[in-house]
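Trainee: Have a look at this prediction, sequence included:
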Amino acid sequence: QVQLVESGGGLVQAGGSLRLSCAISGRTLSTKPMGWFRQAPGKEREFVASISWIGSITSYADSVKGRFTISRDNAKNTVYLQMNSLKLEDTAVYYCAAGNTPPVNVAARVLVWGQGTQVTVSS
């Protein structure tokens, strides 16, 4: 069964760092472009970062550019989101997503969603 499983979320102080992981199961997803989205309480789900299948092309939302880094290890079927200099406004549930057409930066391009992992940034 095709699945995306996120991990690495938690509680962190402002200015701190977290690394999210997304484990990809199912051969049909292992060669797909991937993305990270997030949804804060009362807000719509928004794009955070995307990466091509090979990993050579990445893109970021303006709000995280320079602080977050998306990467992937295809040998381990895992996508990562390194989050540095975290801010209160980064608090959200973070979702991993697999798509068909890169960049995976809008919900319409997402084939499969993960279940989400909570990131809470405190002052």
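Mentor: Now that the structure is in, tell me what you want to look at.
Trainee: contacts, neighbours, all on C-alpha from now
Mentor: Fine.
Trainee: any weak-confidence spans in the chain?
Mentor: Applying pLDDT under 70 to the chain flags residues 1, 30.
Trainee: those strands in it, which residues are they?
Mentor: 3-7, 10-13, 18-25, 34-39, 46-51, 58-60, 68-73, 78-83, 92-99, 110-113, 117-122 (DSSP state E).
Trainee: Tell me the strands beside the fifth one, with direction?
Mentor: Using DSSP bridges, the strands paired with strand 46-51 are strand 34-39 (antiparallel), strand 58-60 (antiparallel).
Trainee: is it possible to export these to a markdown table including mean neighbour count and distance to residue 100?
Mentor: Shown next, in a markdown table, are the strands paired with strand 46-51 (neighbours: other Cα atoms under 10 Å; distance: least, Cα to Cα, whole Å):
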| stretch | mean neighbour count | distance to residue 100 |
| --- | --- | --- |
| strand 34-39 | 26 | 9 |
| strand 58-60 | 19 | 15 |
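Trainee: any chance of those in TSV, plus distance to residue 117?
Mentor: Formatted as TSV, these follow (distance: least, Cα to Cα, whole Å):
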stretch	distance to residue 117
strand 34-39	9
strand 58-60	19
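Trainee: In this structure, which residue is most central in space?
Mentor: residue 36 (2.5 Å; Cα atoms, centre = their mean).
Trainee: contacting residues around that one?
Mentor: The contact partners of residue 36, taken as Cα atoms under 8 Å, 6 or more residues apart in numbering, are 47-50, 81, 94-97.
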